[in-house]
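Undergrad: Following is a predicted model, sequence given first.
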Amino acid sequence: MSEKKIRVGIVGFGTVGCGVAKILFDQKETIQQKTGADLELAKIVDLDITTPRSVDVPEELLSTDINDIAGDDSIDIAVVLVGGTTAAKDIQIKMLQSGKNVVTANKALLAKHGAELFSVARENNVCIAFEASCAGGIPIISAIRSGLAANDIERIYGILNGTSNYILTCMEQNGDDFPAVLERAQELGYAEADPTLDINGGDCGHKLAILASLCFGCEFEFSDVTYEGIEKIAITDIECGREMGYSLKLLGVAEKQPCGEYTLQVSPSFVPSDEIIAQVPGPFNAVSLFGSCVGHTMYYGRGAGMMPTASAVTADIIEIVSGNSKHLFDNLKLKPREETKPLVADIKDQQKRFYIRIQAKDEPGVLAKMSSALGENGISIRGALQQEAPAQKNYVTVVITTHKTSRNMIDDALNKIDEMNIIAGEPVCIQIVEIPGDEG
Ligand SMILES: NC(=O)C1=CN([C@@H]2O[C@H](COP(=O)(O)OP(=O)(O)OC[C@H]3O[C@@H](n4cnc5c(N)ncnc54)[C@H](OP(=O)(O)O)[C@@H]3O)[C@@H](O)[C@H]2O)C=CC1
Ligand SMILES: N[C@@H](CC=O)C(=O)O
């Protein structure tokens, strides 16, 4: 570990940027004692340096000019904490080309342009460290790259988005309304600036693409992920699930299939309530990894929020100072896309059980029509429940669970049902998953 003072610049003084500044001030001595790294916060750049932030910093540290970091040769590490994939990309490239090692938490950018950014880093003999991009404060990338280095990893699954898990938990435990909880998740700093990707499964998909690349040694990107979010989930779904012994979670799953292809999927999933993953609350994440030597390992912690994420960012700064990050980055060999063609058995062909919620006309024969459409597609019904229609309402909620079938078959049957003009709105379809066990 270097004894010299390491000067750090932060771009993006929002939720995570403030957390990193706070750690660099408050934990300075602890970090130096534990690691020998003497970290100095040299500059903070943001578009807006007048709005009060959650941490006080000397005024002279603040700037709106990116060149105050990029053009300052005394700054060794640029911590880029700007979201999105446009300005953030330009900033990262500028920092790499200025010879700075970069720390980022931006999973959207890595999942979309990781290969390009990595090659710019290599051309400039610097590295990109990205522990905070996946699962917030959980050191999951370190676990994959160092702790589990001796293993072939066969499967990874987990809860990778704190915002959606917080929303589902509040809906399940307190019956809270979706939009109100989302607003709270934004106030608490869990959600993205634009929370669309939190709730539509995209953010979890970004993280899954990054983790799958590291686990399987192939260049996956976001377009390889089939994803669905929690936007259509209603409290009824959570309550029905509970009655059946399930908890609703947004799961990301990446697996190497026996045929050698890979599947990368994000979807709301009913998981048996007695599974550990079913009990992960609020903004917490949990990630399960299956290694060829170690078997099942599981990692748990806060997946979103200022301080947990800043903790992971600071760990990366320290790893850069120690030389570990550069070493790991230089040795990170991912099979290029053209070579691996990593994709992907059609997830919608996989056999699973499903839960379907439909608003059906409250008329004789409607249930029979729906079950015959399902039957024609070879779908066997395991259970069905019809809630009594409130007075004056013409539609009732019907919940059907199926035996194993494919999502393609379900979608086809639901299209046929839709054409019959007997339902209102879009049906909600949720997979019921079996959590893979600890074999051996
Ligand atoms: N919050 C969390 O829990 C986690 C976040 N992340 C990731 O970390 C990154 C930062 O997230 P977070 O801190 O929550 O986001 P915030 O929106 O809170 O902060 C981003 C900051 O960057 C500023 N900014 C935007 N564009 C520029 C620019 N061109 N130059 C300088 N500053 C700019 C923003 O200003 P303005 O507000 O004016 O746009 C804002 O102050 C994102 O990529 C996010 O996905 C990762 C893990 C967890
Ligand atoms: N918005 C993200 C933040 C961390 O990556 C989430 O909710 O998980």
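TA: Here it is on my side, so go on. Keep in mind that this is a model prediction, so the values were computed, not measured. Ligands and ions are numbered 1, 2, ... in the order given.
Undergrad: alpha carbons only for contacts and neighbour counts from here, please
TA: Will do.
Undergrad: buried set for stretch 102-113?
TA: 102-112 (16 or more other Cα atoms under 10 Å).
Undergrad: Please flag which of the residues you listed sit within strands.
TA: Of these, the ones assigned to strands by DSSP state E are 102-104.
Undergrad: Looking at those, spot the one nearest Gly305.
TA: Using Cα to Cα, Thr104 is the member of those that sits closest to Gly305, with 15.1 Å.
Undergrad: State the distance from that closest one to Thr401.
TA: From Thr104 across to Thr401, the span is 43 Å (Cα to Cα, to the nearest Å).
Undergrad: just Ile238 next, same as before
TA: Separation of Ile238 from Thr401 (Cα to Cα): 14 Å.
Undergrad: give the contact list for Leu24.
TA: By Cα atoms under 8 Å, 6 or more residues apart in numbering, Leu24 lies in contact with 39-41, 314.
Undergrad: I'd guess it is in a helix, am I close?
TA: Yes: under DSSP: H, G, I helix; E, B strand; the rest coil, Leu24 falls within a helix.
Undergrad: List, one by one, the residues from the stretch 151-300 of the chain near ligand 1.
TA: Proximity of the stretch 151-300 of the chain to ligand 1 is confined to 189-190, 192-193 under the rule Cα under 6 Å from any ligand atom.
Undergrad: so which residue of the stretch 1-150 of the chain comes closest to ligand 2?
TA: Per Cα to the nearest ligand atom, Gly136 is where the stretch 1-150 of the chain lies closest to ligand 2, at 5.4 Å.
Undergrad: what secondary structure does that residue sit in?
TA: Secondary structure assignment for Gly136 (three-state DSSP): coil.
Undergrad: Return the backbone torsion pair for the closest residue to ligand 1 within the stretch 151-300 of the chain.
TA: Here the stretch 151-300 of the chain gets closest to ligand 1 at one residue, Tyr190, 4.4 Å apart by Cα to the nearest ligand atom. Per-residue torsions, Tyr190: phi -80, psi -40 (degrees, to the nearest 10).
Undergrad: Could you do Leu188 as well?
TA: The phi and psi values for Leu188, taken as degrees, to the nearest 10, are phi -80, psi 0.
Undergrad: what's the spacing between it and ligand 2?
TA: 10 Å (Cα to the nearest ligand atom, to the nearest Å).
Undergrad: got it, and Ile159?
TA: To ligand 2, Ile159 is 9 Å away according to Cα to the nearest ligand atom.
Undergrad: Near that residue, how many other residues are there?
TA: If you count neighbours by other Cα atoms under 10 Å, Ile159 ends up with 27.
Undergrad: Please name the bridge partners of it.
TA: Assessed by DSSP bridges, Ile159 has beta-bridge partners Ala286.
Undergrad: so who does it touch?
TA: Listed by Cα under 8 Å, 6+ apart, the contact set of Ile159 reads 165, 204, 249-252, 277, 285-287.
Undergrad: and those residues as TSV, adding pLDDT and neighbour count?
TA: TSV is the format used below for the contacts of Ile159 (pLDDT from 0 to 100; neighbours: other Cα atoms under 10 Å):
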residue	pLDDT	neighbour count
Asn165	98	26
Cys204	98	34
Lys249	98	24
Leu250	98	26
Leu251	98	29
Gly252	98	29
Ile277	97	23
Asn285	98	27
Ala286	98	26
Val287	98	21
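Undergrad: Go through those residues and flag which are in strands.
TA: Within the contacts of Ile159, residues falling in strands by DSSP E are 249-252, 285-287.
Undergrad: Show only the entries of the contacts of Leu24 found in helices.
TA: Among these, the ones falling in helices (DSSP state H) are Thr314.
Undergrad: What distance do you get for Gln436 to ligand 2?
TA: You called it Gln, but residue 436 is Pro. Taking Cα to the nearest ligand atom as the measure, Pro436 and ligand 2 are separated by 23 Å.
Undergrad: Tell me the pLDDT of that residue.
TA: As predicted, Pro436 sits at a pLDDT of 74.
Undergrad: Any figure for the gap between the spatially most central residue of the chain and Arg53?
TA: Against the mean C-alpha coordinate of the chain, by Cα atoms, centre = their mean, the closest residue is Cys204 at 2.6 Å. Counting by Cα to Cα, the gap from Cys204 to Arg53 is 28 Å.
Undergrad: thinking again about what came up before, let me have the buried residues of stretch 102-113 in CSV, adding pLDDT and distance to ligand 2 as columns.
TA: Formatted as CSV, the buried residues of stretch 102-113 follow (pLDDT from 0 to 100; distance: Cα to the nearest ligand atom, whole Å):
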residue, pLDDT, distance to ligand 2
Val102, 98, 18
Val103, 98, 15
Thr104, 98, 11
Ala105, 98, 8
Asn106, 98, 8
Lys107, 98, 8
Ala108, 98, 10
Leu109, 98, 12
Leu110, 98, 13
Ala111, 97, 13
Lys112, 96, 15
